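K.L.:
Fold the stuff below for me.
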Amino acid sequence: MQAEFSGEIGPFLDTVQQRQVSVVVLAHCKFARMNAAGSDAELGQQVQQQMLRAIHEAIAPKMEAGQLAFKDLGMGNVAALMPEIVARSGLAQMGIAVGNLSMHFGIDGRAPQPFAAPAPAPAPAPQQVNMRVGGFNVHASSDGGIDTAGLKNQMVDKVKSTLLWWAFGIGITLFILVALGGYGYYVWKHPPAPAPMPAAAAAAVSAARQHAAPGHH
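P.N.:
The predicted model follows:
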């Protein structure tokens, strides 16, 4: 959890001008519940109240003793005071852990510089899904949905491929039919010649014909 709070921690004496100068702090810190009772909102109020008190108690004596100057506050040279401020807050004894304290100071009526807005969380990377459905490669993403254009192209390619295979099959079938028809026509026009008889069979047939001729006894 985080808390941001502001309040007057002065005024402090300007020894050069011999006048009291107002000082306002704008602070930001993170805190977490250890064993403290109460709601998150109540814990946040306790953190703001106790941390503002602790900032004043840590800075005021050092400003009065000359150990800190207005220039130190304006330039943010107070990092060495962070552990003391957290310890003075007493929040650890209340069951609240505090860390990451940052402070900006407004001096002599000037407002403290605001803290930079936190950087937006990076957008989650789009999720890609690739699957094969019904012979098609389906591509989808969390930001663009289903790649309908790619699916359409695949369907067109598949139809073209199917038509080409059908055309190839029909062409082969026609070629075979034409070849068979041509061979049948050739056989019909050119019947095979009868095979020649063996010499012994031819001699027997000739003798029989002579015996059957008229006038042969």
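K.L.:
Now do the contacts for residue 101.
P.N.:
Residues in contact with residue 101 (C-beta atoms under 8 Å, 6 or more residues apart in numbering) are 27-29, 51, 82, 85-86. (Glycine included, C-beta is placed from N, CA and C.)
K.L.:
how far out from the middle of the chain is the host helix or strand of residue 56?
P.N.:
Here residue 56, judged by DSSP states H and E, is contained in helix 40-65. Distance, stretch centre to chain centre, for helix 40-65: 44 Å (C-alpha atoms, centre = their mean, to the nearest Å).
K.L.:
Which secondary structure elements does it sit against?
P.N.:
Contacts defined by 3 or more C-beta pairs under 8 Å, 6 or more residues apart in numbering; DSSP states H and E place helix 40-65 against strand 2-8, strand 12-14, strand 23-33, helix 82-89, strand 96-107.
K.L.:
hmm, back to that, quick one: buried ones out of the contacts of residue 101?
P.N.:
Using 16 or more other C-beta atoms under 10 Å as the burial test, the contacts of residue 101 include 27-29, 51, 82, 85-86 as buried.
K.L.:
tell me, what residue is most central in the protein?
P.N.:
Nearest to the geometric centre of the chain sits residue 125, at 2.2 Å (C-alpha atoms, centre = their mean).
K.L.:
Okay, it and residue 150: tell me how far apart.
P.N.:
Computed as C-beta to C-beta, to the nearest Å, the residue 125 to residue 150 distance reads 20 Å.
K.L.:
and what of residue 109?
P.N.:
Taken as C-beta to C-beta, the span from residue 109 to residue 150 is 65 Å.
K.L.:
same thing with residue 43?
P.N.:
Residue 43 is 54 Å from residue 150, by C-beta to C-beta.
K.L.:
which strands and helices sit next to the lengthiest helix in the chain?
P.N.:
Ranked by number of residues, the top helix in the chain under DSSP state H is helix 148-189. With contacts taken as 3+ C-beta pairs under 8 Å, 6+ apart, helix 148-189 sits against strand 136-141.
K.L.:
Least confident secondary structure element in this protein?
P.N.:
The helix or strand of the chain with the lowest confidence, counting by mean pLDDT, DSSP states H and E, is helix 199-212 at a mean of 63.
K.L.:
ok, and the closest non-adjacent residue to residue 35?
P.N.:
Of all residues not flanking residue 35 in the chain, residue 95 sits nearest, at 4.0 Å (C-beta to C-beta, 6 or more residues apart in numbering).
K.L.:
neighbour-wise, which of residue 109 and residue 150 wins?
P.N.:
The residue with more neighbours, out of residue 109 and residue 150, is residue 150; 13 against 8, by other C-beta atoms under 10 Å.
K.L.:
pretty sure residue 99 is in contact with residue 47, am I right?
P.N.:
No: the pair residue 99 and residue 47 fails to qualify as a contact (C-beta atoms under 8 Å) at a distance of 11.2 Å.
K.L.:
In terms of neighbours, single out the busier of these two.
P.N.:
residue 47 (24 against 10).
K.L.:
List the contacts of that one.
P.N.:
3, 5, 29, 31, 89, 91, 96, 98.
K.L.:
With residue 9 instead?
P.N.:
23-25, 52, 55-56, 59-60 are the contacts of residue 9 under C-beta under 8 Å, 6+ apart.
K.L.:
neighbours around residue 58, how many?
P.N.:
There are 21 residues near residue 58, going by other C-beta under 10 Å.
K.L.:
Great, nothing more from me.
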